[in-house]
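how would this look folded up:
(2 chains)
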Number of protein chains: 2
Amino acid sequence: MKYPAGFKPSQQTNHQRQVIYGNRGMAFEEQINQSNDYYLKHGVAVIHKKPTPIQVVKVDYPKRSAAKITEAYFRQASTTDYNGVFQGYYIDFEAKETKNKTAFPLTNFHEHQVSHMENCLDQQGITFILFKFSSTNRVFLLKAQEFIHFYRQQHLVNKRKSIPLAYIEKYGIEIQMGVFPPIPYLDAVSQLIKQNNKF
Amino acid sequence: MKYPAGFKPSQQTNHQRQVIYGNRGMAFEEQINQSNDYYLKHGVAVIHKKPTPIQVVKVDYPKRSAAKITEAYFRQASTTDYNGVFQGYYIDFEAKETKNKTAFPLTNFHEHQVSHMENCLDQQGITFILFKFSSTNRVFLLKAQEFIHFYRQQHLVNKRKSIPLAYIEKYGIEIQMGVFPPIPYLDAVSQLIKQNNKF
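All right, here's what the predicted structure looks like:
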């Protein structure tokens, strides 16, 4: 991972360290969140990560302090994690990371997420997945059309458990990682918009 | 409130009853969620309510059962509650309900939500507020442009604490409530789209 000049892992706060090492997906998520912050501050796009859906069961209302949730459970998301608007276009995507080097495991994708992507495509939304291969530090944007094609045919029918890197290289767009923003994925989106008048 | 044929309040489950009477905003929220479900199932649009943002502090991982959150707090949303895509257009809105009859209180709107609406407008997203006057059972769509104009000038500068119904009647579009969907707000959005080529 490349850090911006002057920023080293040792300077991270405990919170950041915990986030990065506590959850395999977090580092990439943080890079995307930073990219979205950058895009927002520079008036390029308005794209946010949706909050994690949580089912609240019990809440205490202590006097003179904030309501405290004392029992709650994580729920499975029914959509993708990110959406927003870029130059009038609806943007919708999921971001996933793997340590594998030659293929991307499909176990983390759920049927309802795939259906959601199909629904977004039907409404002409620009829909895609950002894949990060963290061992080799490569990031790709793969259009939902190409992803769904593989998922429906090769995964559900032919029982393949992962997408080969070669497929992602062939049909995706590689994103050169940067600093501001760390993952300039809207460059790839602009490229898609130029290629297609309609989604 | 008009119920669909065969559906009466007494047939609600305890959970629904709790939702409706436990929180003043819930009834309207439920109507919008049902409308969005209807639009999704009929391939009209893909619009979802974002999950409530919650800051998780402590999680227990009991053996052989789901992770249990034991300490968490509600956070203030930094965006509007609803967004999605309709015929290629990015849709973004907030929905609010009041028991007042002649004006809509502005206390429930936060500066960062208003900024978010401005950012969406800058990206040509279709951005608006759905207001429900529950005492008179009237629902209006007010474009974010007209809302922000009032909010910035009359609320922040002139310290008015509410938007008069007359302003909403003049600049908004009244939505005739129905059954399927309960709040057919996309009819009003289609009207806006016909009137403007650009947002």
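
poorly predicted segments of chain A, please.
A:1-26, A:197-199 (pLDDT under 70).

next to chain B, which bits of it? Give me the list.
A:40, A:43, A:45-46, A:48, A:50-54, A:56, A:66-74, A:78-79, A:83-90, A:92, A:116, A:119-120, A:122-125, A:198-199 (Cβ under 8 Å from any Cβ of the partner chain). Every C-beta, even on glycine, is put in place using the N, C-alpha and C of the backbone.

of those, just the buried ones, ChimeraX syntax please.
Those of the residues of chain A next to chain B that count as buried under 16 or more other Cβ atoms under 10 Å in any protein chain shown are selected in ChimeraX with:
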select /A:40,45,46,48,50,51,53,54,56,68,69,71,72,79,83,84,85,86,89,90,92,116,119,120,122,123,124,125,199
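
the residues of chain A next to chain B in helices, which ones?
A:40, A:116, A:119, A:120, A:122 (DSSP state H).

you'd agree residue A:172 is up against residue A:140?
Yes. Using Cβ atoms under 8 Å, residue A:172 is in contact with residue A:140, at 3.9 Å.

which residues do those two both contact?
Jointly contacting residue A:172 and residue A:140 under the rule Cβ atoms under 8 Å, 6 or more residues apart in numbering or on different chains are residue A:131.

Provide the secondary structure category for the residue nearest the centre of chain A.
The centroid of chain A falls nearest to residue A:95 when counting by Cα atoms, centre = their mean (2.0 Å). Here residue A:95 is strand, with the state taken from DSSP: H, G, I helix; E, B strand; the rest coil.

what about it, distance to residue A:128?
10 Å (Cβ to Cβ, to the nearest Å).

what about stretch A:133-150, start to end distance?
Its first and final residues considered, stretch A:133-150 spans 18 Å by Cα to Cα, to the nearest Å.

what sits up against it?
Under Cβ under 8 Å, 6+ apart, the answer for stretch A:133-150 is A:1-2, A:27-28, A:97-101, A:104, A:114, A:117-118, A:120-121, A:127-132, A:163, A:165, A:167-169, A:171-175, A:177, A:183, A:185, A:188-189, A:192.

so how do I select the buried members of those in PyMOL?
Burial among these is assessed by 16+ other Cβ under 10 Å; the matching PyMOL selection reads:
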select buried, chain A and resi 27+28+97+98+104+114+117+120+121+127+128+129+130+131+132+163+165+167+168+171+172+173+175+177+183+185+188+189
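
in strands, which of the contacts of stretch A:133-150 appear?
If you go by DSSP state E, the contacts of stretch A:133-150 have A:97-98, A:104, A:127-132, A:163, A:173-175 in strands.

just the residues you listed now: which is nearest chain B?
residue A:127 (9.0 Å; Cβ to the nearest Cβ).

quick one: contacts for the closest one?
Residue A:127 touches A:80, A:92, A:93, A:117, A:120, A:121, A:143, A:144, A:199, counting by Cβ under 8 Å, 6+ apart.

ok, which pair from those is furthest apart?
A:80 and A:199 (15.0 Å; Cβ to Cβ).

how many neighbouring residues does the closest residue to residue A:127 other than its chain neighbours have?
Spatial nearest neighbour of residue A:127, excluding adjacent residues (Cβ to Cβ, 6 or more residues apart in numbering or on different chains): residue A:144 at 3.8 Å. Residue neighbour count, defined by other Cβ atoms under 10 Å in any protein chain shown, stands at 24 for residue A:144.
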